[in-house]
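Asker: Prediction below, plus the sequence it came from.
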Amino acid sequence: MALDKSTPRSTPLVQILAAAHFASRVHAGQTRKGAAAEPYINHLIEVAELVALSGEESDVNLIVACFLHDVVEDTPVTQDEIRELFNEDVASLVMEVTDDKTLPKQKRKALQIQSAPHKSVRAQTLKLADKIANLRAILLSPPPDWTSERKREYFDWANAVVSGFTEPNQYLLNEFQKTYARIVEIT
């Protein structure tokens with residue numbers, strides 16, 4: 001079902017499915033960096049599932065933002081489009097976790113560490129789920145050209161970001177710590 005102005009979005013389930021459908025369309029053809037080149041939508045589903053499992057499932061806008069958290073970074077979709085199709089809360093949450101792709105990669109990574117303590121609780125929850133999914137992806141299907149050292153550097157950087165969170169979701173923090181502990185598998 002395509003999103004348009006006449007699409008009813010009054011129920012939480014319809015809103016979440018609309019976000020999943022929209023994300024699948026705008027990320028169509030994109031794959032993860034790993035050797036298995038999984039469809040990118042799988043990552044978004046995993047992030048949304050982690051947040052739902054964390055006890056935040058009643059926050060519909062947060063789950064919607066999980067599906068949309070990379071659209072501004074990785075597609076031509078804008079904040080205004082997210083606001084128009086969903087709402088201001090979703091658009092603001094997406095932008096709170098969006099990196100400025102005009103900056104060099106190392107600067108973006110440093111900014112994630114610096115800004116972590118200043119993120120809202122909901123943005124911390126989304127980012128934490130995103131980091132868990134990314135670490136799991138490196139464990140299960142790492143990019144073919146990544147050395148053990150590069151994998152370790154990513155794990156350590158993700159840990160530095162998460163360590164800056166002031167109010168992390170406890171369930172997700174435990175999941176992150178369990179996943180991070182698996183670093184021994186990549187060295």
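Answerer: Alright, I've got the coordinates. Numbers count the residues shown, from 1 in each chain.
Asker: rest of the way, CA atoms for contacts and neighbours
Answerer: Noted.
Asker: now Ser115: how far from Ser163?
Answerer: 11 Å (C-alpha to C-alpha, to the nearest Å).
Asker: Kindly report the same for Pro142.
Answerer: Pro142 is 23 Å from Ser163, where distance means C-alpha to C-alpha.
Asker: Which residue of the two possesses the greater neighbour count?
Answerer: Each of Pro142 and Ser163 has its neighbours counted (other C-alpha atoms under 10 Å); Pro142 has more, 22 against 14.
Asker: per-residue pLDDT, the residue nearest to the spatial centre of the chain?
Answerer: Closest to where the C-alpha atoms of the chain average out (C-alpha atoms, centre = their mean) is Asp130, at 3.7 Å. Predicted confidence (pLDDT) for Asp130: 98.
Asker: Next, the contact list for it, please.
Answerer: For Asp130, the contacting residues are Val47, by C-alpha atoms under 8 Å, 6 or more residues apart in numbering.
Asker: Repeat that for the one 3 residues further on.
Answerer: In this structure, Ala133 makes contact with 43, 46-47, judged by C-alpha under 8 Å, 6+ apart.
Asker: Of these, which is the most crowded?
Answerer: Ranked by neighbours (other C-alpha under 10 Å), the contacts of Ala133 are led by Val47, which has 27 neighbours.
Asker: contacting residues around the strand or helix carrying it?
Answerer: If you go by DSSP states H and E, Val47 is part of helix 40-51. Outside helix 40-51, the residues that touch it by C-alpha under 8 Å, 6+ apart are 20, 23-24, 27-32, 57, 63-64, 66-68, 125-126, 129-130, 133, 172.
Asker: Likewise for stretch 84-103?
Answerer: The contact list for stretch 84-103, computed with C-alpha under 8 Å, 6+ apart, reads 3-5, 15, 61-62, 64-65, 68-70, 72-73, 79-80, 82-83, 108, 112, 119, 122-123, 126-127.
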